[in-house]
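Peer 1: Next input, structure requested:
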Amino acid sequence: MSASTGLPANALIHTPQSLPEMRVNAHAVHFYEEDAFLLDSLSQLIGTALVTGDTAVIVATAAHREGLEKRLKARGLDPVRIAKLGRYCTLDAAETLSAFMVNNLPDASLFNAFTTHFLSSVRSAAKSGSQRLILFGEMVALLWSEGKFEAALKLEQLWSDLARTHAFDLHCAYPIKDFNREGHSQAFLNICAEHSHVVPTENYTALTSEDDRLRHISLLQQRAQTAEAEAAGRLRAEEALRKSEKLAASGRLAASIAHEINNPLEAISNAIYLARSASSQQDVATYLKIADEELVRVAEIAKHTLGFYRETASPGIVKVSSLLDDILNLYSRKLQGKGLTIKKQYRSELEVWGLEGELRQVFANQIANAIYAMPKNGCLTIRIRRSKAWGNNQRSGTAVSLIDTGSGISSESLSKIFDPFFTTKQDVGNGLGLWITHDIVTRHRGSIRVRSNTRSGASGTIFTTFLPRHNGDTPAIF
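Peer 2: I've put the predicted structure just below:
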């Protein structure tokens with residue numbers, strides 16, 4: 001056993017050809033596909049540091065800490081003995097994160113206080129005059145896997161800032177599968193920009209010749225081109241579907257409006273006929289007054305109709321209760337025809353931020369579905385209340401619940417209702433309404449939930465839509 005390092009004199013570190021050489025004083029990021037490759041590469045990195053007398057700190061998951069320790073032992077190293085010399089320290093990634101996370105984001109002051117104290121303690125504990133400190137951390141990967149993209153990037157930035165005043169080499173690692181969405185491209189570039197060294201996955205690093213690597217890069221470029229073309233095609237198809245649904249919705253509403261206008265037009269026609277045949281001026285005035293009142297009703301229907309279809313180029317403040325009342329007025333004949341009762345539970349006048357035309361489409365679709373699902377003499381309850389975003393208590397907003405006494409939705413259908421072309425209306429509808437509804441709500445940074453019961457005597461469905469409160473800022477989606 002070497003007195004200076006605590007390692008066996010014959011300890012060997014075998015360097016795999018697939019691991020690129022790291023620069024000194026690096027903030028490196030390593031992307032990987034398989035845990036085994038990450039651990040093999042990490043054992044080479046940490047093993048080399050320990051053999052040369054440096055200090056290593058591992059902040060990782062329990063599975064990766066155990067896997068690394070097994071590989072270090074297989075290389076002839078004794079992690080326990082080296083840890084007693086103060087040159088090998090392991091921490092749990094989740095527990096370490098909890099020391100400086102506030103409201104789902106890393107707090108700069110807590111982070112600096114924690115890391116400064118920790119790095120000082122590690123250097124003081126090292127008994128061999130270690131020259132370098134090697135850090136490996138998975139805290140950013142944990143945040144990313146939980147969908148906390150902003151927090152992961154901020155933590156990377158805090159580490160970069162810390163490196164300006166403290167000497168250490170930091171190595172991060174992300175599973176490449178966590179960057180599998182189209183919207184991840186810019187975030188991926190932002191993550192890479194925070195590092196001085198980027199290591200691609202084993203599919204690239206395992207290639208031993210320059211020619212093989214160039215061929216691989218060409219293949220990746222071809223795949224990227226194909227993916228971009230397919231994505232563009234999907235966007236065009238989705239836009240065509242949205243337009244199709246809008247036309248279908250226009251047709252359905254036009255039929256309702258025609259019925260709505262027909263009644264006052266008949267009344268106007270009758271009033272004018274009676275006025276012409278009236279025997280006294282008083283009767284004429286009475287009949288003309290009736291005609292005038294019916295004309296006001298037609299104008300009101302037209303006003304609501306224009307409000308429903310008028311598009312706005314930019315988002316604005318939308319009063320939720322007024323929007324819902326306008327939609328109910330448009331569907332008043334259908335509601336009356338089925339003898340449906342409307343119960344309004346508006347806590348107060350609440351405002352959201354968005355495109356009014358799109359939000360009208362969201363709630364008109366839900367109300368139309370509720371009318372279709374309910375038998376005669378049913379009841380539709382509309383509840384508006386202040387709420388917090390589900391899963392994020394820091395985001396305030398408005399929750400709108402539509403509670404019907406319809407037949408309910410089966411559990412099998414409930415899991416598919418937001419899928420395009422899925423419908424439970426048989427020959428009625430095209431199955432795009434709720435798919436587009438979900439898309440609009442998501443683009444408004446909201447969310448939508450559905451609960452349903454098909455039990456006889458207690459059947460019904462609740463659609464609850466959460467929309468964030470207007471805070472004076474225009475969301476980036478618009």
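
Peer 1: Helix or strand with the lowest mean pLDDT in the protein?
Peer 2: Across the helices and strands of the chain, mean pLDDT, DSSP states H and E gives its lowest value to helix 210-276, namely a mean of 70.

Peer 1: Please tell me how far N203 sits from H184.
Peer 2: 18 Å (C-beta to C-beta, to the nearest Å). Where you see a C-beta, it was placed from the backbone N, CA and C, and this is true even at glycine.

Peer 1: what's the straight distance from one end of stretch 366-384 to the other?
Peer 2: Start-to-end span of stretch 366-384 (C-alpha to C-alpha, to the nearest Å) is 14 Å.

Peer 1: low-scoring stretches of the stretch 301-450 of the chain, by residue?
Peer 2: Within the stretch 301-450 of the chain, the segments meeting pLDDT under 70 span 301-313, 391-394, 425-432.

Peer 1: Would you state the strands of it in chain order?
Peer 2: 316-319, 341-346, 351-354, 379-389, 392-404, 447-453 (DSSP state E, counting those that start in this stretch).

Peer 1: and those, which is most packed in?
Peer 2: Sort the strands of the stretch 301-450 of the chain by mean neighbour count, taking mean count of other C-beta atoms under 10 Å, and strand 351-354 sits at the top with a mean of 21.

Peer 1: tell me what that one is packed against?
Peer 2: Secondary-structure packing of strand 351-354 (3 or more C-beta pairs under 8 Å, 6 or more residues apart in numbering; DSSP states H and E): strand 316-319, strand 392-404, strand 460-468.

Peer 1: so can I have TSV of those strands showing distance to E351?
Peer 2: Below are the helices and strands packed on strand 351-354 laid out as TSV (distance: least, C-beta to C-beta, whole Å):
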stretch	distance to E351
strand 316-319	5
strand 392-404	8
strand 460-468	10
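
Peer 1: These: which one's closest to E228?
Peer 2: Checking the helices and strands packed on strand 351-354 against E228 by C-beta to C-beta gives strand 460-468 as the closest, at 31.1 Å.

Peer 1: L85 reaches D78, doesn't it?
Peer 2: No: taking C-beta atoms under 8 Å as the definition, L85 is not a contact partner of D78, at 10.0 Å.

Peer 1: Would you list the phi and psi of the most far-flung residue of the chain relative to its centre?
Peer 2: Relative to the centre of the chain, and counting by C-alpha atoms, centre = their mean, the farthest-placed residue is S279 at 70.6 Å. Dihedral pair for S279: phi -90, psi -10, per degrees, to the nearest 10.

Peer 1: ok, it - contacts?
Peer 2: S279 is in contact with no residue at all, counting by C-beta atoms under 8 Å, 6 or more residues apart in numbering.

Peer 1: Let me see the confidence value for it.
Peer 2: The model reports S279 with a pLDDT of 83.

Peer 1: How about K73?
Peer 2: 94.

Peer 1: Leaving out the residues flanking it, which one is nearest to it?
Peer 2: P79 (6.9 Å; C-beta to C-beta, 6 or more residues apart in numbering).

Peer 1: Then A63?
Peer 2: A63 sits nearest to D35 (C-beta to C-beta, 6+ apart), 7.6 Å away.

Peer 1: how close does that neighbour get to G47?
Peer 2: For D35 relative to G47 (C-beta to C-beta), the value is 17 Å.

Peer 1: what do you get for A364?
Peer 2: On the measure of C-beta to C-beta, A364 and G47 end up 64 Å apart.

Peer 1: and what of G53?
Peer 2: The value you get for G53 to G47, if C-beta to C-beta is used, is 12 Å.

Peer 1: Between those two, which is the more surrounded one?
Peer 2: G47 (25 against 19; other C-beta atoms under 10 Å).

Peer 1: got the buried residues for the helix or strand harbouring that one?
Peer 2: G47 is part of helix 35-51 when elements are defined by DSSP states H and E. Buried residues in helix 35-51, counting neighbours by 16 or more other C-beta atoms under 10 Å, are found at 37-51.

Peer 1: same check, this time on stretch 96-112
Peer 2: For stretch 96-112, by 16+ other C-beta under 10 Å, it's T96, L97, F100, M101, P106, D107, F111.

Peer 1: per the record, what domains does this protein have?
Peer 2: 27-206, 211-310, 314-478 (automatic domain parsing).

Peer 1: just to revisit the earlier point, looking at the strands of the stretch 301-450 of the chain, which is closest to Y174?
Peer 2: strand 392-404 (23.1 Å).

Peer 1: How about residues contacting the closest one?
Peer 2: So strand 392-404 is contacted by 103-104, 320, 324, 350-352, 363, 366-367, 370, 373-374, 378-389, 446, 460-469 (C-beta under 8 Å, 6+ apart).

Peer 1: Using PDB, write out every CA atom in that strand.
Peer 2: Coordinates of the C-alpha atoms in strand 392-404 are reproduced here as PDB (Å, rounded to 0.1, in the frame of the first residue of the first chain):
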ATOM      1  CA  ASN A 392     -47.000  24.100  -9.000                       C
ATOM      2  CA  ASN A 393     -48.300  26.200  -6.100                       C
ATOM      3  CA  GLN A 394     -46.400  29.200  -7.200                       C
ATOM      4  CA  ARG A 395     -48.600  29.800 -10.300                       C
ATOM      5  CA  SER A 396     -51.900  31.500  -9.600                       C
ATOM      6  CA  GLY A 397     -54.800  31.600 -12.000                       C
ATOM      7  CA  THR A 398     -58.400  30.700 -12.700                       C
ATOM      8  CA  ALA A 399     -60.100  27.300 -12.700                       C
ATOM      9  CA  VAL A 400     -63.300  26.900 -14.700                       C
ATOM     10  CA  SER A 401     -65.300  23.800 -14.000                       C
ATOM     11  CA  LEU A 402     -68.200  22.600 -16.200                       C
ATOM     12  CA  ILE A 403     -70.200  19.900 -14.400                       C
ATOM     13  CA  ASP A 404     -72.900  18.100 -16.300                       C
END
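
Peer 1: Now do that strand against strand 460-468, angle only.
Peer 2: 140 degrees (axes from the mean of the first three to the mean of the last three C-alpha atoms, to 10 degrees).
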